[in-house]
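> return a 3D structure for these sequence lines:
(2 chains)
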Amino acid sequence: MSDASTGALSQVLTRHADEVRTAWLDAAAAELHGRSSRGELDREQTEIFEALVGGLADGGTTLRDAAFDQLRGILADVSAARARLGYTPRETAMAVFALKEGLYALVSDASVRTDITSLLRLVDDLGLYTFEAFAEAREAIITEQSEQLLELSTPVVKIWDGVVAVPLVGTLDSARTQVVMEKLLNTLVETGSEHAIIDITGVPAVDTQVAQHLFKTVVAARLMGAQCTISGIRPQIAQTIVSLGIEFGDIRTRASLADALLDALESGGRSAAEVTG
Amino acid sequence: MTTVAPTTTQRLEVRGDADVVRVRQLVRGVAQEARLSLVVQTKLVTAASELARNTLVHGGGGHVTVELVTEGARTGVRAVFADDGPGIADLDLALTDGWTSGGGLGLGLSGSRRLVERFSIDSAPGAGTRVEIVTWSR
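Numbers count the residues shown, from 1 in each chain, chains lettered A, B, ... in the order given. Model (predicted):
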């Protein structure tokens, strides 16, 4: 038996549309029980099915052919939507692979004489394409989220008249440092503050790279005429910094944010009594 | 010397900045398992961070193996950082405080040595670099 022409395949699919679609829908609905309604799946499958039949009628043999442009577009949309809705890769790919159940029904149907092997192969391709599109959409979501997180995780807050603070939490890499530095410098100008406190209580490890990033931020703040204090130096971090040999030089450091604040207020000409009382 | 029996070995590839974070988390986890004190843990994690970054920046990437080791009643953590990069021509110079080949502080390698109990480095030009560190619980 030689491979059937794409035209013949398209005709077989059209003739047995109901049979194939029902088996496909049943298999997909069983896999996605509860996540998608039958109606939704049916709409999706109608689009995919029509694009597939149309592509075959136009002589498409592999998914890369121009005849399947529309089909690829639909698959990419469906996969991206699934990725955003939190479907698992399996659930996403199964919605397409379930089409094979419909095709197997054709194989066991004695009235169908056409060899559908190439069609089965095409469905495998569709499944893989769905998978790739899903992974791409997920990557895009992750990148988007990490960018959002970068913004979220670096608040610069005014904690007193003339004093702004940046509580740093997590890993301090070059990208974060850049964001922190920009935000801090802008806030210093906007609020007309003279004191900046960088609190590192939430930074799990201070290695040479983190220290270097901190130094740069402090130097930049100083260039703008602000006094900069690094607070939140926990005992284990202090001991590690000493062993590592990092010199903080004339950079002011304090154990807690409260100490740093008090310090900033006092150097601002207010007495401790005035501040605390 | 008594035999040092590793109990579990975990391996991580170091190919990007995110991997340095992963190494740090892995080492912290194993250090907690080995019941290291908070200060010793922090020192070890910081050393691992430095060495993993060296693997990435100077070695062009490589891999890290971390294992929990026992010696009699003591437990400890051993970590090995290996790369197939250009290697280090002058080890004494590289281990000097403040000497840097890039724009860093020049304390990564020399500082790491002070942060752990045992530190050994094996490197030659063109032969890559292998750094082994061990820290024990008290």
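
> mind listing the strands in chain A by residue range?
A:157-160, A:163-169, A:195-202, A:227-231, A:252-253 (DSSP state E).

> so for residue B:51, which of those strands sits nearest?
Among these, strand A:195-202 comes nearest to residue B:51, with 21.7 Å by CB to CB. For the C-beta atoms, the positions are set from N, CA and C on the backbone; glycine is no exception.

> centre of the chain to the closest one, how far?
Relative to its chain's centre, strand A:195-202 lies at 28 Å (CA atoms, centre = their mean, to the nearest Å).

> re earlier: dump the strands of chain A to CSV, plus mean pLDDT, mean neighbour count and distance to chain B.
Listed next are the strands of chain A as CSV, based on pLDDT from 0 to 100; neighbours: other CB atoms under 10 Å in any protein chain shown; distance: least, CB to the nearest CB, whole Å:
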stretch, mean pLDDT, mean neighbour count, distance to chain B
strand A:157-160, 90, 15, 26
strand A:163-169, 90, 21, 14
strand A:195-202, 92, 22, 13
strand A:227-231, 93, 22, 16
strand A:252-253, 92, 17, 17
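
> out of those strands, which comes closest to residue A:94?
Minimum separation from residue A:94 across these (CB to CB) falls at strand A:163-169, 39.4 Å.

> tell me if the helix or strand where residue B:46 lies is near chain A.
Following DSSP states H and E, one finds residue B:46 within helix B:38-57. Yes. On the criterion CB under 8 Å from any CB of the partner chain, helix B:38-57 is in touch with chain A at B:38, B:39, B:41, B:42, B:43, B:45, B:46, B:49, B:50, B:53.

> residue B:58 touches residue B:84, doesn't it?
No. Judged on CB atoms under 8 Å, residue B:58 makes no contact with residue B:84 at a distance of 11.8 Å.

> show me which of the two is the more surrounded one.
Per other CB atoms under 10 Å in any protein chain shown, whichever of residue B:58 and residue B:84 has more neighbours is residue B:58, with 20 against 15.

> for the more buried one, what are its contacts?
Counting by CB atoms under 8 Å, 6 or more residues apart in numbering or on different chains, residue B:58 touches B:83, B:85, B:86, B:101, B:102, B:129.

> can you flag the buried ones in the residues you listed?
By neighbour count, with 16 or more other CB atoms under 10 Å in any protein chain shown, these hold B:83, B:85, B:129 as buried.

> what about residue A:63, neighbour count?
Residues within reach of residue A:63, counting by other CB under 10 Å, total 20.

> ok, it touching residue A:129?
Yes. Contact criterion CB under 8 Å: residue A:63 and residue A:129 qualify, at 5.8 Å.

> give me the common contacts of the two.
Taking CB under 8 Å, 6+ apart as the contact rule, residue A:63 and residue A:129 both touch residue A:72.

> what about residue B:113, distance to residue A:246?
Residue B:113 sits 14 Å away from residue A:246, going by CB to CB, to the nearest Å.

> so what's residue A:231 up against?
Counted by CB under 8 Å, 6+ apart, residue A:231 has contacts A:197, A:198, A:199, A:200, A:201, A:253, A:254, A:255, A:256, A:257, A:259, A:260.

> switch to 10 Å and redo it
A:165, A:167, A:197-201, A:252-261, A:263-264 (CB atoms under 10 Å, 6 or more residues apart in numbering or on different chains).

> report the beta-bridge partners for it.
For residue A:231, the beta-bridge partners are residue A:199 (DSSP bridges).

> next one: it from residue B:56, what distance?
Distance from residue A:231 to residue B:56, by CB to CB: 30 Å.

> residue A:215 now?
From residue A:215 to residue B:56 the distance is 21 Å (CB to CB).

> stretch B:14-23: which residues count as buried?
By neighbour count on 16+ other CB under 10 Å, the buried set for stretch B:14-23 is B:14, B:17, B:19, B:20, B:21, B:22, B:23.

> same check, this time on stretch A:68-83
Going by neighbour count (16+ other CB under 10 Å), the buried part of stretch A:68-83 is A:68, A:70, A:71, A:72, A:74, A:75, A:76, A:78, A:79, A:80, A:82, A:83.

> the first one touches residue A:76, doesn't it?
No. Contact between residue A:68 and residue A:76 fails when scored by CB atoms under 10 Å: they sit 11.8 Å apart.

> hey, what's in contact with both of these two?
Common neighbours of residue A:68 and residue A:76 (CB under 10 Å, 6+ apart) are residue A:129.

> so what's residue B:37 closest to, chain neighbours aside?
Setting aside the residues directly before and after it, residue B:37 is nearest to residue B:138 in space (CB to CB, 6 or more residues apart in numbering or on different chains), at 6.8 Å.

> contact partners for residue 81?
In the absence of a named chain, chain A is used. Per CB under 10 Å, 6+ apart, neighbours of residue A:81: A:44, A:87, A:92, A:134, A:137.

> looking at chain B here, not the other one
So residue B:81 contacts B:14, B:23, B:47-48, B:50-56, B:59, B:62-66, B:112, B:121, B:129-133 (CB under 10 Å, 6+ apart).
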